[in-house]
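K.L.:
predicted coordinates and the sequence they were generated for:
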Protein chains: 2
Amino acid sequence: MADLIASLRAGLPAGAVLTDPDVTVSYARDMASFCAAGRPAAVVLPRTVEQVQHVMRTATELRVPVVPQGARTGLSGAANASDGCIVLSLVKMDRVLEINAVDRIAVVEPGVVNATLSRAVLEQGLYYPPDPSSWEQCTIGGNIGTASGGLCCVKYGVTAEYVLGLDVVLADGRLLSTGRRTAKGVAGYDLTRLFVGSEGSLGVVVKAVLALRPAPPEQLVLAAEFPSSAAACEAICRIMERGHAPALLELMDRTCVRAVNDLTGMGLPESTEALLLAAFDTPDPAADLAAVATVCTEAGATEVVPADDAAESEMLLKARRTTLTALEALSSATMIDDVCVPRSRLAEMIDGTAAIADKYRLTIGVVAHAGDGNTHPTVCFDAADPDESRRARESFDEIMALGLELGGTITGEHGVGVLKKEWLARELGPVALELQRGIKQVFDPLGLLNPGKVF
Amino acid sequence: MADLIASLRAGLPAGAVLTDPDVTVSYARDMASFCAAGRPAAVVLPRTVEQVQHVMRTATELRVPVVPQGARTGLSGAANASDGCIVLSLVKMDRVLEINAVDRIAVVEPGVVNATLSRAVLEQGLYYPPDPSSWEQCTIGGNIGTASGGLCCVKYGVTAEYVLGLDVVLADGRLLSTGRRTAKGVAGYDLTRLFVGSEGSLGVVVKAVLALRPAPPEQLVLAAEFPSSAAACEAICRIMERGHAPALLELMDRTCVRAVNDLTGMGLPESTEALLLAAFDTPDPAADLAAVATVCTEAGATEVVPADDAAESEMLLKARRTTLTALEALSSATMIDDVCVPRSRLAEMIDGTAAIADKYRLTIGVVAHAGDGNTHPTVCFDAADPDESRRARESFDEIMALGLELGGTITGEHGVGVLKKEWLARELGPVALELQRGIKQVFDPLGLLNPGKVF
């Protein structure tokens, strides 16, 4: 241990190696409930690629596990420390190195906060779409590790679609460059994409080339109230089937609506069973909203309110963005699930989740990136009550089982981490699991990178 | 050999195992020049997943190499037979299994021809964008193996972005399912993407879940004549910088324009040094064309001709689509390069290629997916003249060297195959190459799948 700290300090500036347990404990876990976290031997905060290489060389030499970390806003325990590990926090590597409007790319260090990058490119008329709920805190490196989604995915896709190339420090400290700065490229296997969503288990991302888009027109939002989630899902299916391209298509159930009202006093309509939010950033968003309003009414919406301007739109989106916080305020603990199903099966997923809530006598609020079929059933429970905690965990698992039954996946955008390891094995099956472990072995033969995560 | 044929026939229907050398020789090579091709021991044409599994189990048992094959329209020799191999042609597995407008997906077998799928989904108001020049012949399985591009990539991206999930028969005959039917999903490493562009070296794709989009409005095309490629590239950079979203942005140099006139008598303007084609499939394409026309004029275009209707647009596109055939008619042989550079470096690439043509005293026509920075310099030469053939090969290599120097890649969309193996090693460097070989070893420990290709 003394060896480890001395070796780390030999290649890092003063202040970049933290060992005080009162400090390091604050780096021990991300935002997931029900996930074990150990006590790190040290937290390191490198500022350069060479320093990251030094950390990995030291770890390899001394056979010490390393847990790469961004802003710890993850929801699956992927960034949780293990006992005696080095927590490798990339938050100090936070420079935007380049923004190029002709090539439509940005080159960034991993610790850049998502919102910082988004605002920087917007100033040049460009757009970096991925927008996880935690975008004001979360880092691009963390987004890459988790393959994060967000609200805009229904039109613009997820983080994976914006990562063109990476610099990665490997487990043994060697530096790997993958991918490209070009719009296209098919030279060899796609290692870039392999790192996206690998949750720090294959290497440490130290630089990323990201694709950008032209900034779209300002979006307009419509809210529609439905008497049942089935009716809302019917509207969602018709909107997509008819070829509309909403920039956002979100669903909040009654539990979510009431929780938001309780927290914010926003006065959302509490009589509704399902509130649908649709946004368009097209050249004529008002026309698109009108068309979607008709679809909603045909599907049984009891009220449809198109925003007239950006301010009204922002107000409606605020309700959506506040939902998780509002659900968290309902009880001492929450577990957020992340099941994604084909959107044609969304109604079954939501009704099935309601049945699971009944069965386990729990409050489960459902908020969904409905256009993607990506639901976030949020189990609210009293962590001090062992029986309720057990029921919460069981309901959480049953929701994933339902997702798989409907042809879905256990995680649309939050990742596997510690929380869903057993479920990953169930989703992938033995053949895929064996191959994935084989790949891990190629990149990290000593098993030092984020051990115990993913699988 | 007799053993092999008997074993193959034991699990395949009569007629699905071809051994007559006069027949099998016609499966020996794709459309690349300068690539060695061997004589297959047999060509098999399975119709079911089980039959493919039987072929791979037999190959593993008898240690016989297997070359998976689609329509053999590839341009890098990736589908070329090796001596004594089994050519595994997937062209009889050609069913479109499902088209789902709500989930915006199609499920297909690998032998479906690209144009067949594109037309089938269009009938339901949907769009499968990837459109390689060979789209009337090439198969989806081949497109996946090569990670093919096409004309529309500047707006809609390449094949990789449309592959959500795969069924793959592994080297030992086991069946692997990867990915998903859902819009999002991050469960484990992205094996789907690893297969895309792997040129049959990791497994045999037997089913694919593909993402679809709503069919866009009909596109309108504009043609602009420039006095230099530098001026045309200036226009391209400004079009992209200002946030326009062309569905196509193509460049033909004077050699291409003249070759097309020679072949078709189309009467394109032969005085031009560079002809730029831009298309928009936006809600108001005429407005977009007008804006782009202004940009072209500012950049020095001597004439700008926006098409008034679909017929005129189609005529302009026909010139572009005929280019490779027209260049092939100029000489006994051609070699098509596929270098992609950042679009900000496109002018340097094109001028550099002209200098290389001068140096080697060769005709090299340049046609480019200019919006992507993806150039196809096409070296025209007399294959019967050894000196000219040598110069052709050297100029081809020098073009790739220039591409790498400009921050580009040796292949934007044609793949590595046999043709660019040495260049792949140069582009990737030793660390990436070692990891790629490690991955190959995980999937194909006996080295039976398409040996001698990629690396």
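P.N.:
That came through, no problem.
K.L.:
looking at chain A, which helix or strand is least sure?
P.N.:
Ranked by mean pLDDT, DSSP states H and E, the helix or strand of chain A with the weakest confidence is helix A:310-321, at a mean of 89.
K.L.:
check contacts around the closest residue to residue A:302 other than its chain neighbours.
P.N.:
Once flanking residues are discounted, residue A:302 sits nearest to residue A:225: 5.1 Å by CB to CB, 6 or more residues apart in numbering or on different chains. In this view, the C-beta of every residue, glycine as well, is placed from N, C-alpha and C. Contacts for residue A:225 (CB atoms under 8 Å, 6 or more residues apart in numbering or on different chains) come out as A:269, A:271, A:272, A:274, A:275, A:276, A:301, A:302, A:303, A:304.
K.L.:
if we go to 6 Å?
P.N.:
If you count contacts by CB atoms under 6 Å, 6 or more residues apart in numbering or on different chains, residue A:225 has them with A:269, A:272, A:275, A:302, A:303.
K.L.:
return the member of these nearest to chain B.
P.N.:
If you rank the contacts of residue A:225 by distance to chain B using CB to the nearest CB, residue A:275 comes first, at 20.9 Å.
K.L.:
now for that closest one, how many residues are close by?
P.N.:
Residues lying near residue A:275 (other CB atoms under 10 Å in any protein chain shown) number 25.
K.L.:
hey, what's it bridged with?
P.N.:
residue A:225, residue A:252 (DSSP bridges).
K.L.:
which residue ranges of the stretch 1-150 of chain A form helices?
P.N.:
A:2-10, A:21-24, A:49-62, A:114-122, A:140-146 (DSSP state H, counting those that start in this stretch).
K.L.:
please name whichever of these is nearest to residue A:243.
P.N.:
Among those, helix A:114-122 comes nearest to residue A:243, with 28.0 Å by CB to CB.
K.L.:
what's next to that closest one, contact-wise?
P.N.:
In contact with helix A:114-122 (CB under 6 Å, 6+ apart) are residues A:96, A:99, A:106, A:128, A:135, A:136, A:138, A:212, A:215.
K.L.:
ok, the residue most central in space within chain A to residue A:142 distance?
P.N.:
Ranked by distance to the mean C-alpha position of chain A (CA atoms, centre = their mean), the top residue is residue A:148 at 3.6 Å. Distance check for residue A:148 against residue A:142: by CB to CB, to the nearest Å, it reads 7 Å.
K.L.:
now do residue A:323
P.N.:
Taken as CB to CB, the span from residue A:323 to residue A:142 is 21 Å.
K.L.:
equivalent analysis for residue A:105, please.
P.N.:
Residue A:105 is 20 Å from residue A:142, by CB to CB.
K.L.:
pick out whichever of those two has more residues nearby.
P.N.:
residue A:142 (33 against 26).
K.L.:
who in the stretch 51-200 of chain A is up against chain B?
P.N.:
Residues of the stretch 51-200 of chain A lying near chain B by CB under 6 Å from any CB of the partner chain: A:101-103, A:125, A:147, A:149, A:158, A:174, A:176, A:180-190, A:193-194, A:197-198.
K.L.:
now, those that are in helices?
P.N.:
Counting by DSSP state H, the part of these found in helices is A:193, A:194.
K.L.:
quick one: the nearest residue to residue A:338 once chain neighbours are set aside from residue B:26, how far?
P.N.:
Excluding the flanking residues, the one nearest residue A:338 by CB to CB, 6+ apart is residue A:414, at 4.0 Å. Distance, residue A:414 to residue B:26, by CB to CB: 51 Å.
K.L.:
more neighbours, the two?
P.N.:
Legend: neighbour count by other CB under 10 Å for residue A:414 and residue B:26, higher for residue A:414 (26 against 10).
K.L.:
and stretch A:218-235, what's buried?
P.N.:
A:219-226, A:229-235 (16 or more other CB atoms under 10 Å in any protein chain shown).
K.L.:
and residue A:165, backbone torsions?
P.N.:
The phi/psi pair for residue A:165 (degrees, to the nearest 10) reads phi -160, psi 160.
K.L.:
what's the local residue count around the closest residue to it other than its chain neighbours?
P.N.:
Using CB to CB, 6+ apart and skipping the chain neighbours, the partner closest in space to residue A:165 is residue A:179 (3.0 Å). Counted with other CB under 10 Å, residues neighbouring residue A:179 total 22.
K.L.:
and residue A:179, what's its pLDDT?
P.N.:
On pLDDT, residue A:179 comes in at 97.
K.L.:
give the contact list for it.
P.N.:
A:164, A:165, A:192.
K.L.:
and residue A:366, how close does it get to residue A:349?
P.N.:
When distance is defined by CB to CB, residue A:366 is 9 Å away from residue A:349.
K.L.:
what's the overlap in contacts for these two?
P.N.:
What both residue A:366 and residue A:349 touch, as defined by CB under 6 Å, 6+ apart, is the set residue A:375.
K.L.:
what are the boundaries of the strands in the stretch 251-400 of chain A?
P.N.:
Using DSSP state E, counting those that start in this stretch, the strands of the stretch 251-400 of chain A run over residues A:274-280, A:303-306, A:333-336, A:363-369, A:374-381.
K.L.:
ah, wrong one, I meant the stretch 51-200 of chain A
P.N.:
Taking DSSP E, counting those that start in this stretch, the strands of the stretch 51-200 of chain A run over residues A:66-69, A:86-89, A:96-100, A:105-108, A:126-127, A:163-169, A:175-179.
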